[in-house]
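Undergrad: compute the structure for the input listed below.
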Amino acid sequence: MLRRRLIIAAAAALIATGNAPALAQGPSATASVAVTEGSQFVANLASRAVGELTTNDLPLPERVSRFRTLLTEAFDVPAIGRFVLGRYWRMASEEERAEYLKLFEEFIVRTYVQRFNDFAGAQLKVLNTRTGQDSEVISTLEAVLPGRPPARFDVRMRREDGRFKIFDVVVEGISMSVTQRDDFAAVIQRSGGKVEGLLASLREKTKAGP
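TA: Numbering: from 1, shown residues only. The predicted structure follows:
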């Protein structure tokens, strides 16, 4: 539970930060361009999020709407959702897949919006940005939250259709996507290996609120 909270805190901190990432030299000119553009992507996302989501008097429905827009623009939500469902994606029907992806997005939105205000006063320091495997660009950040030890995390992204999309946040070696996949798999296993069990759980978790 503590690790899960740490992962959610780090991802929320990414949205909350306005610091510009430091640039790292890649092994080639192409890699260097990718690093620069990836760093700009993270900085622009952070600046926009601060301007749109940190207004104290912003009504919750509007905050949810703005957060959803940023999430779907900056994160590869469908790809993350498929990864999180894991081997059960192949077992699911087309109808189950379609409903799952909608519920997954709603689940992520509500989870982050509910926790977003808990991280007022967070301080973040971008340590470096670099290239990884398979055309990945990785930014490493350190988050310091009041009353908590510093948490270092990586933001992993790829360029798709000419723009970057984040596909994972890794906190001190713990992948947010892998952790969520394990949680969902446990729900499905308790439901006799049926995806419908997870869908029912997600319906329940997302039915309340704005």
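
Undergrad: could you give the mean pLDDT of the helix or strand that contains V35?
TA: In this structure, V35 sits in helix 29-53 according to DSSP states H and E. The average pLDDT within helix 29-53 is 74.

Undergrad: buried stuff in whichever helix or strand comes after that helix?
TA: Using DSSP H and E, the helix or strand that follows helix 29-53 in sequence is helix 60-74. For helix 60-74, a neighbour-count test (16 or more other C-beta atoms under 10 Å) marks 63-64, 66-68, 70-71, 74 as buried. From N, CA and C alone the C-beta is placed, and that goes for glycine too.

Undergrad: cool, stretch 179-193 as well?
TA: 179-181, 184-185, 188.

Undergrad: would you map the strands across this structure?
TA: 123-131, 137-144, 151-160, 163-171, 174-175 (DSSP state E).

Undergrad: which member of the buried residues of stretch 179-193 is positioned nearest A151?
TA: T179 (14.2 Å; C-beta to C-beta).

Undergrad: do you know how far that closest one is from A186?
TA: Using C-beta to C-beta, to the nearest Å, one obtains 11 Å as the distance from T179 to A186.

Undergrad: same thing with V42?
TA: Taking C-beta to C-beta, one finds V42 at 32 Å from A186.

Undergrad: same question for stretch 84-101, mean pLDDT?
TA: For stretch 84-101, the mean confidence score works out to 97.

Undergrad: buried sites along that stretch?
TA: 84-86, 88-89, 92, 96-97, 99-101.

Undergrad: now do it: distance from first to last residue.
TA: Start-to-end span of stretch 84-101 (C-alpha to C-alpha, to the nearest Å) is 10 Å.

Undergrad: burial count for the closest residue to G81 other than its chain neighbours?
TA: Once flanking residues are discounted, G81 sits nearest to F104: 4.1 Å by C-beta to C-beta, 6 or more residues apart in numbering. For F104, the count of nearby residues is 22 (other C-beta atoms under 10 Å).

Undergrad: what do you get for R48?
TA: Residues near R48, counting by other C-beta under 10 Å: 17.

Undergrad: does it touch L70 like I think?
TA: Yes - with contacts counted by C-beta atoms under 8 Å, R48 reaches L70, the gap being 6.9 Å.

Undergrad: fine by me, thanks again.
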